[in-house]
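**Q** Here is the input, now give the coordinates:
(2 chains)
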Amino acid sequence: MYTLSSKLKLTAIIFMIVGAIGLVIGFLQAPSNLDDVREMMAAEEHHGETSHSEEGETTFAEAEHSLLLDDEPSRNAEEDHGAEAGAHDTEHLEHTLHQLQNKPWAAVYVAAFFFFMISLGVLAFYALQYASQAGWSPVLFRVMEAISAYIVPGGIIMFVLLALSGLHMNHLFVWMDPEVVAHDEIIQKKTAYLNVPFFLIRAAIFLAGWFLFRHFLVRNSRRLDEATDNYYFKKNFKLAAGFLVFFLISESIMSWDWIMSLDPHWFSTLFGWYVFSSMFVSGITVIALVSIYLKSRGYLPFVNNSHIHDLAKFMFGISIFWTYLWFSQFMLIWYSNIPEEVVYFISRIENYSLPFFGMVVLNFVFPLLVLMNSDYKRINWFVVMTGIVILIGHYLDVFTMVMPATVGESWFIGIPEISAVLFFGGLFTFVVFNALTKAPLLAKRNPFIKESEHFHY
Amino acid sequence: MASKVIHAIYNDDDLLLQAVKQVREARYHIGEIYTPMPVHGLDKAMGLEPTRLAITSFLYGVVGFAVSIAMMNFIMIEDWPQDIGGKPSFSFIQNMPAFVPIMFELTVFFAAHLMVITFYMRSRLWPFKEAENPDVRTTDDMFLMEVDAANHNVDELTKFLYDTGAAEIKLIDNK
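**A** Next up is the predicted model:
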């Protein structure tokens, strides 16, 4: 049995407290009216920051801009744009104000989704092991079960955030704003699907489904420990297969709802897969990191370097899969160059070029070069180092999926972003390692456990 | 080639693997092993060095990557810029995304094909090559271990090999 060390517990709690304080500061710092924005912008120009001083935007960029970010209540003012030169200035300020008001919310949203997605990816990986009757992995089952435990608190937090958006506490989802919808024909045509009650019902159904599947899979796995036959294993096999069907559908729709609908004009048919690959690789990376950590503390004596090798192979392979999807999505849209599609990438390349291209280096080039050598996949510190880089890369991936639509060009990684990562990282660590103490670390009655213990490559 | 060798034939791969370990423990020298199919773990049991084929494959991949860049730059940018879908055709870097599939394919093509050719050359295999295996049954269901017998007592070695599970033993004296 694993016991949660007080040091780890304290670290997690400190992370949460520091993160919570930072988040409060982030929300308090968000400007509440136009004067605040004017002051902030003046201060920024004073500091010589160049990122926001692109006053001389071309009309093209502006047009793109309004197409992309129509969360301005004064959107109709945009139409008789040019009537008054002074109106433009206030409008720009108002625009920035909305972006900056969104910023702490978006920071929370990105971090909450990122850690939630890790536990969901791990649950999918866990179900896959049952469905494929994998022989190598049962020694890692308890680690996977523990990481997937975060799905409950993380999922509830996600639901609360979505509900708050639905209650207009923030303006992350522009299609939730009736003012915007009234002037937007494209969103009007989508209201049968994109409306707040249906949106929340879908989220509730998916979350409830994941919670239930996770609950029964883990319960059966625990009962199997004490069982005398393989009844619970067979049951879990069927349950896992059912979960995977439910998961692939619900995960796709979840990614359209929770992420793609932030840009309600834009769509990509492989978006569900793209988000899936991101959550899958992050989840596998966290399994590897937690296993290596536990092993270094003397737990998991039955996990050998062949298991780490296999996890690292998955990290390597799914990183390449992620890149494949990232590039497929990008290239087709870049090549066809259809305005309503390509704004998505224009806004990312113009305003987010560092995180947008930086994450390709972190998520593809780095794991490709470091983990290509077979021997390096067995060396713990190589796996840990690559794992940390992959996690940073996929945080940035979620960041560039969410931020351009919510805060636009007013982004920077400041107090709210870092605090949100600290807060949810602390919560995640606490929940995961607390869940590890709930059951023996070896699923001893699993029919493949002998094969897994002797797994050697 | 050693002047005096013993050919010990086994009819099971697990038996062979065990025999290899015992023979090596007894400090006999194994010249070569002929098997009808790849035996998992045999290379480690024999104490062979790990293969360097993967390194050559990586280098070939890098060559393919470089070739594809040079090729696409010459074809599509320098020699005959073509306007395809209004894409910028006078700059390699701006048109690069369109070349990525080609870069990927040529990297894989070079890595895979040149690695296979390297493997054949390294294993001394080419078309019309005379078979080297001393017993045709090693292409069917028998495993043959060639043990160096020059400096050992042949009777003792023969008995030892029978004990390891050999089905058949032959002394080859190349005088």
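**Q** what about the closest residue to A:Ile349 other than its chain neighbours, which SS state?
**A** Closest residue to A:Ile349 apart from its sequence neighbours, by CB to CB, 6 or more residues apart in numbering or on different chains: A:Phe356 at 6.3 Å. The way it works is simple: take the backbone N, C-alpha and C, and place the C-beta from them, glycine included. Three-state call for A:Phe356 (DSSP: H, G, I helix; E, B strand; the rest coil): helix.
**Q** and A:Phe356, how many neighbours?
**A** Counted with other CB atoms under 10 Å in any protein chain shown, the neighbours of A:Phe356 add up to 21.
**Q** can you tell me which residues contact it?
**A** A:Arg348, A:Ile349, A:Thr400 (CB atoms under 8 Å, 6 or more residues apart in numbering or on different chains).
**Q** What residue in the stretch 301-450 of chain A comes nearest to chain B?
**A** A:Met331 (5.1 Å; CB to the nearest CB).
**Q** what number of residues lie near that residue?
**A** The burial count for A:Met331: 14, using other CB under 10 Å.
**Q** who does the helix or strand it falls within touch, helix- and strand-wise?
**A** Using DSSP states H and E, A:Met331 sits within helix A:305-336. Contact analysis of helix A:305-336 by 3 or more CB pairs under 8 Å, 6 or more residues apart in numbering or on different chains; DSSP states H and E lists helix A:271-296, helix A:339-351, helix A:366-371, helix A:380-406, helix B:92-122 as its packing neighbours.
**Q** looking at chain B, which residue ends up farthest from its center?
**A** Seen from the C-alpha centroid of chain B, the residue lying at the greatest distance (CA atoms, centre = their mean) is B:Gly86, 47.7 Å away.
**Q** Now A:Ile259. Nearest residue, chain neighbours left out?
**A** Closest to A:Ile259 by CB to CB, 6+ apart is A:Met401, at 5.3 Å.
**Q** That neighbour: neighbour count?
**A** Quick note: A:Met401 (other CB under 10 Å) scores 23 neighbours.
**Q** Walk me through the domains of chain B.
**A** Segmentation of chain B into domains, based on automatic domain parsing, reads B:4-36+B:141-173, B:53-122.
**Q** Do a quick rundown of the strands in chain B.
**A** Ranges of strands within chain B are B:4-10, B:30-34, B:143-148, B:168-173, based on DSSP state E.
**Q** Now mean neighbour count, mean pLDDT and distance to chain A too, for the ones you listed, in JSON lines please.
**A** Listed next are the strands of chain B as JSON lines, based on neighbours: other CB atoms under 10 Å in any protein chain shown; pLDDT from 0 to 100; distance: least, CB to the nearest CB, whole Å:
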{"stretch": "strand B:4-10", "mean neighbour count": "22", "mean pLDDT": "90", "distance to chain A": "23"}
{"stretch": "strand B:30-34", "mean neighbour count": "18", "mean pLDDT": "90", "distance to chain A": "21"}
{"stretch": "strand B:143-148", "mean neighbour count": "22", "mean pLDDT": "91", "distance to chain A": "22"}
{"stretch": "strand B:168-173", "mean neighbour count": "14", "mean pLDDT": "86", "distance to chain A": "31"}
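**Q** So which bits of the stretch 301-450 of chain A are right by chain B?
**A** Contact residues, the stretch 301-450 of chain A versus chain B (CB under 8 Å from any CB of the partner chain): A:Phe327, A:Phe330, A:Met331, A:Trp334, A:Tyr335, A:Ser336, A:Asn337, A:Met372, A:Asn373, A:Ser374.
**Q** isn't the fifth one right next to B:Phe99, touching?
**A** Meaning A:Tyr335. No: in terms of CB atoms under 8 Å, A:Tyr335 does not count as a neighbour of B:Phe99; the distance is 11.6 Å.
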